[in-house]
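*Asks:* everything below, folded, please.
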Amino acid sequence: MSDELDPLRRLRPDLLLPDDEPADPALIDSARAALRDAGVALGNASEVRPTPDLYPRLAYRDELAALEFLVRAFGFRERREARMEHAMGTLAWLEVGDGVVMIGRSGAERHDLHSPADLGGTTAMLNVSVPDVDAHCARAAAEGARVVTPVEDMFWGERRYEALDLEGHRWHFARRAVDG
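*Replies:* Model prediction:
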């Protein structure tokens, strides 16, 4: 599979380190510098956005299906240069607006994080601001999201809806009252 980020992906530290040995800080630092230099050389360094100080990590039984769904249904954008693939599954970072969410495989050996599909219910709700709630809801429903609270106007001025993704994580999408 061809990917315009192949030169960057080949420089990723997770692809340089063996799975069964501790990480070598010098190797990670040199790989990080190579990535930074490659970004400048490719002219896309300005496109790399900082990671927020706080961001959630969600667990999925099938993290690759979840990744594809979240991009398709909710319009998230993957930080392709940050994806880590290894024997324990895939970690991916998704952007929406100025927010980031990390997704990975569920399981006891993966920080004991579990999918709502493993637990039989949702453990948290993620709140996301979107510019057009009605269009967002229509897209999500058309792509298979289960809308559990239809689009509604709240007395404080927010327009919102809530949906479950394919494994039951609950998402609250809204247009902020101050956004008009």
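*Asks:* can you list phi and psi of the spatially most central residue of the chain for me?
*Replies:* Using CA atoms, centre = their mean, the residue of the chain that lies closest to the mean C-alpha position is Leu94, 2.7 Å off. Taking degrees, to the nearest 10, you get phi -120, psi 140 for the backbone angles of Leu94.
*Asks:* that one pairs with what?
*Replies:* Residues found in beta-bridge contact with Leu94 (criterion: DSSP bridges) are Glu78, Val101.
*Asks:* domain ranges for this protein, per the record?
*Replies:* The record, using automatic domain parsing to delimit domains, assigns the chain the ranges 1-48, 49-179.
*Asks:* who does the helix or strand that contains Arg139 touch, helix- and strand-wise?
*Replies:* With the criterion set as DSSP states H and E, the secondary-structure element containing Arg139 is helix 133-142. In this structure, helix 133-142 makes packing contacts with helix 63-74, strand 146-153, strand 159-164, strand 170-175, judged by 3 or more CB pairs under 8 Å, 6 or more residues apart in numbering; DSSP states H and E. All C-beta spots, glycine's among them, are computed from the backbone N, C-alpha and C.
*Asks:* for the chain, which spans come out with low pLDDT?
*Replies:* When residues are selected by pLDDT under 70, those of the chain lie in 1-32, 34-49, 178-180.
*Asks:* measure the most far-flung residue of it relative to its centre to Arg175 for me?
*Replies:* With distances taken from the mean C-alpha point of the chain and given as CA atoms, centre = their mean, the most distant residue is Phe155, at 30.8 Å. According to CB to CB, to the nearest Å, Phe155 stands 15 Å off from Arg175.
*Asks:* now Glu109
*Replies:* Relative to Arg175, Glu109 is positioned 40 Å away (CB to CB).
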